[in-house]
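# Fold the following, please.
(one chain, ligands or ions: 1)
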Amino acid sequence: MANQEDIFKKVISHAKEYGYVVQSSEIYDGLSAVYDYLQNGAELKKNIREYWWQAMVQLHENIVGIDAAIFMHPTTWKASGHVDAFNDPLIDNKDSKKRYRADVLVEEHVAKIEAKIEKEVSKAAKRFGDAFDEAQFRATNARVMEYQEKADTIIKRLARSLEKEDLEDVKNLILELDIVCPVSGSKNWTDVKQFNLMFGTKLGATAESAMDLYLRPETAQGIFVNFLNVQKSGRMKIPFGIAQIGKAFRNEIVARQFIFRMREFEQMEMQFFIRPGTQKEWYETWKQTRMKWHLSLGMGAENYRFHDHEKLAHYADAAADIEFRFPFGFKELEGIHSRTDFDLGSHEKYSGKKLQYFDPELEESYVPYVIETSIGLDRMFLAILSHSLVDEELENGSTRTVLKIPAVLAPTKAAVLPLVKKDGLPEIAQEIMDELRLDFNVSYDDKDAVGRRYRRQDAAGTPFCITVDHQTLEDRTVTLRHRDTMEQRRLPIEELHGAIDREVGMRHWLKKIL
Ligand code: GAP
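Numbers count the residues shown, from 1 in each chain. All right, here's what the predicted structure looks like:
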């Protein structure tokens, strides 16, 4: 069986080969952690965006969507805490001159300890066979317990030191754990320093009049500064939400793992404004609502889990991640944060403008509390792409590569394939294209044998192939082939639209989350 690293490499090369994602400015050797979406990637991304937007805005009467600018007044980032607190602890190796995130170095060390635990568990599972009780083994095996305690102690100490901003202790931890630079192999480390992740730029023509700006590191602040504009113009009553999709920028230091951590990426965020004191219930509600959205895509409940934060961001009183099983393990896909009244309160203070809501039931004004849901569009894209790519063994002993993207999100919904390029078959195929393209993204393929065309569409993730053959000339029926089951059935051309819509139509998928 291929190991996880090989699987991930395959996802990356497949993404390029089938027109999904490539590194930005590739012809100039690329730009690190910046990516371009090609023809299929742009469609998949658009469909994910649409699925999120419809679930969030269209299905909730009390949620509206906005599109705020990327540039914001620089005081925004003072108020939000990003100027002072949006930092990563960095450390340089003096021999290799390479720069690392100090916390990531420690976490990677812990991951190695955890890998040892997993090795012990799988060895024992083999040894004991069906009688193996994994939970009991983890709780009682001396070696596993020792490893676990070691890992827990390190993580706790790291969290404590970061929270207290005790960067000296973070360095001590790296030295005590004998962590070496992966490039030079040495322990010749600098001190740990904080590094702000925001990209700066300038607004204005002359050096004297120019204003320092930041590219937004999250879309959330565009929602907060417009809270009253939306509430008043939409006559919104609390509880209500404001949703937004847009680009965000972070000067990430550890920028690896393809589109998992990028310097330019897209977020889909929703801020839900509530009465102070109701945050616990709404936090739970939104955790469940968002999990339901993920599960509706049918990528398997076993591939998701919640992870509650111990170390909270400067704005939160509770926070959890929805983690997904990526090829490199369970990692954060989405964050749900109880942000209290931190943001609106802080913008009130810095702007001098009241950002309060008059609650007609309570007959009082207050700064609302906020529950935020925040998911990276690119990360969701990676979750889908990596989960969907499978090499399948067929009954005849051959294998096929298929991209089982949830049909509602697939870039192309159907490919129309005339069996031959003559006898009037292309004309009928074109007629089918013209009808279906009014509702679906469809493509036309008349090159190579039909079997090869099926394989090509499987690998590109197209849920349906429609084959026009000589029988079509006689009875106006075609073959509809299903990507996942490879089942083929004959049906009249007039029934194609309904058959495809039943599987790819957004309304059928959205029903699952109602
Ligand atoms: N407004 C809250 C916020 O921005 P976050 O946990 O920093 O919270 C939310 O980011 C989500 O944005 C993450 O769960 C992840 O999906 C995505 N994200 C964050 N940084 C990213 C990066 N550098 N590249 C791609 N996606 C990123």
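# For whatever helix or strand Phe8 lives in, which helices and strands make contact with it?
Using DSSP states H and E, Phe8 maps to helix 4-17. Using 3 or more C-beta pairs under 8 Å, 6 or more residues apart in numbering; DSSP states H and E, the elements in contact with helix 4-17 are strand 21-23, helix 377-388, strand 389-393. In this view, the C-beta of every residue, glycine as well, is placed from N, C-alpha and C.
# So what sits opposite the residue of the stretch 351-500 of the chain found nearest the ligand in the bridge?
Of all residues in the stretch 351-500 of the chain, Gly376 sits closest to the ligand, at 2.6 Å by C-beta to the nearest ligand atom. When assigned by DSSP bridges, Gly376 has beta-bridge partners Gln267.
# where does the protein come near the ligand, residue by residue?
Selection of the chain residues close to the ligand by C-beta under 6 Å from any ligand atom yields 218, 220, 250, 252, 261-262, 265, 267, 269, 332-335, 372, 374-376, 378-379.
# counting contacts, what elements does the lengthiest helix in the chain pack onto?
Taking DSSP state H as the criterion, the chain has its longest helix at helix 102-128. Applying 3+ C-beta pairs under 8 Å, 6+ apart, we find helix 102-128 packed against strand 87-92, helix 134-140, helix 142-163, helix 167-176.
# Can you get me the start-to-end distance on stretch 249-257?
17 Å (C-alpha to C-alpha, to the nearest Å).
# Likewise for stretch 463-481?
8 Å.
# Quick one: residues in contact with it.
Where contact means C-beta atoms under 8 Å, 6 or more residues apart in numbering, the residues beyond stretch 463-481 that reach it are 405, 407, 410, 413-419, 423-425, 428-429, 432, 450, 453-454, 457, 482-484, 487-494, 496, 499-500, 503-504.
# Give me the buried positions along that stretch.
463-469, 472, 477-481 (16 or more other C-beta atoms under 10 Å).
# quick one: which of those sit in helices?
Thr472.
# Can I get the buried residues of stretch 463-481 in TSV including distance to Ala205?
Below are the buried residues of stretch 463-481 laid out as TSV (distance: C-beta to C-beta, whole Å):
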residue	distance to Ala205
Pro463	52
Phe464	54
Cys465	56
Ile466	56
Thr467	60
Val468	60
Asp469	65
Thr472	64
Thr477	66
Val478	61
Thr479	63
Leu480	60
Arg481	59
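# Restricted to strands, list the buried residues of stretch 463-481.
Residues of the buried residues of stretch 463-481 located in strands (DSSP state E): 464-468, 477-481.
# closest to Phe342 among those residues?
For those, the closest approach to Phe342 (C-beta to C-beta) belongs to Phe464, at 48.4 Å.
# Please compute how far stretch 496-505 lies from its chain's middle.
27 Å (C-alpha atoms, centre = their mean, to the nearest Å).
# what's the answer for stretch 204-219, then?
Using C-alpha atoms, centre = their mean, the offset of stretch 204-219 from its chain centre is 29 Å.
# if you average pLDDT over that stretch, what comes out?
The average pLDDT for stretch 204-219 rounds to 87.
# Of all the residues in that stretch, which ones are buried?
213-219.
# Any chance of these in a markdown table with distance to Ser13 and secondary structure as columns?
Formatted as a markdown table, the buried residues of stretch 204-219 follow (distance: C-beta to C-beta, whole Å; DSSP: H, G, I helix; E, B strand; the rest coil):
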| residue | distance to Ser13 | secondary structure |
| --- | --- | --- |
| Leu213 | 38 | strand |
| Tyr214 | 35 | strand |
| Leu215 | 30 | strand |
| Arg216 | 32 | coil |
| Pro217 | 31 | coil |
| Glu218 | 31 | coil |
| Thr219 | 31 | coil |
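# and of these, the nearest to Asp103?
Pro217 (17.9 Å).
# correct me, but the closest one touches Phe86?
Yes: with contacts counted by C-beta atoms under 8 Å, Pro217 reaches Phe86, the gap being 6.1 Å.
# residues near Leu228, how many?
16 (other C-beta atoms under 10 Å).
# for the helix or strand hosting it, packing partners?
Using DSSP H and E, Leu228 maps to helix 227-233. Packing partners of helix 227-233 (3+ C-beta pairs under 8 Å, 6+ apart): strand 240-249, strand 264-274.
# buried ones in the longest one?
This means strand 264-274. Applying 16+ other C-beta under 10 Å to strand 264-274 flags 264-274 as buried.
# Please apply the same query to the shortest one.
For strand 240-249, a neighbour-count test (16+ other C-beta under 10 Å) marks 240-246, 248-249 as buried.
# Pull the residues that contact stretch 99-106.
88-93, 154, 158, 162, 167, 170-171, 173-174, 177, 179, 181, 192, 253-254.
# go again using 6 Å as the cut-off
Outside stretch 99-106, the residues within contact range by C-beta atoms under 6 Å, 6 or more residues apart in numbering are 88-92, 158, 170, 173-174, 179, 192, 253-254.
# Run the chain-centre distance for that stretch.
Its chain's C-alpha centre and that of stretch 99-106 lie 23 Å apart, by C-alpha atoms, centre = their mean.
# Could you do stretch 417-427 as well?
Chain-centre distance of stretch 417-427: 41 Å, with C-alpha atoms, centre = their mean.
# Quick one: end-to-end distance for it.
11 Å.
# so the residue nearest to Lys447 when sequence neighbours are not counted, which of the three states?
Spatial nearest neighbour of Lys447, chain neighbours left out: Arg453 (7.2 Å); criterion: C-beta to C-beta, 6 or more residues apart in numbering. Using DSSP: H, G, I helix; E, B strand; the rest coil, the structure places Arg453 in helix.
# Neighbours of Arg453, how many?
Using other C-beta under 10 Å: Arg453 sits among 18 other residues.
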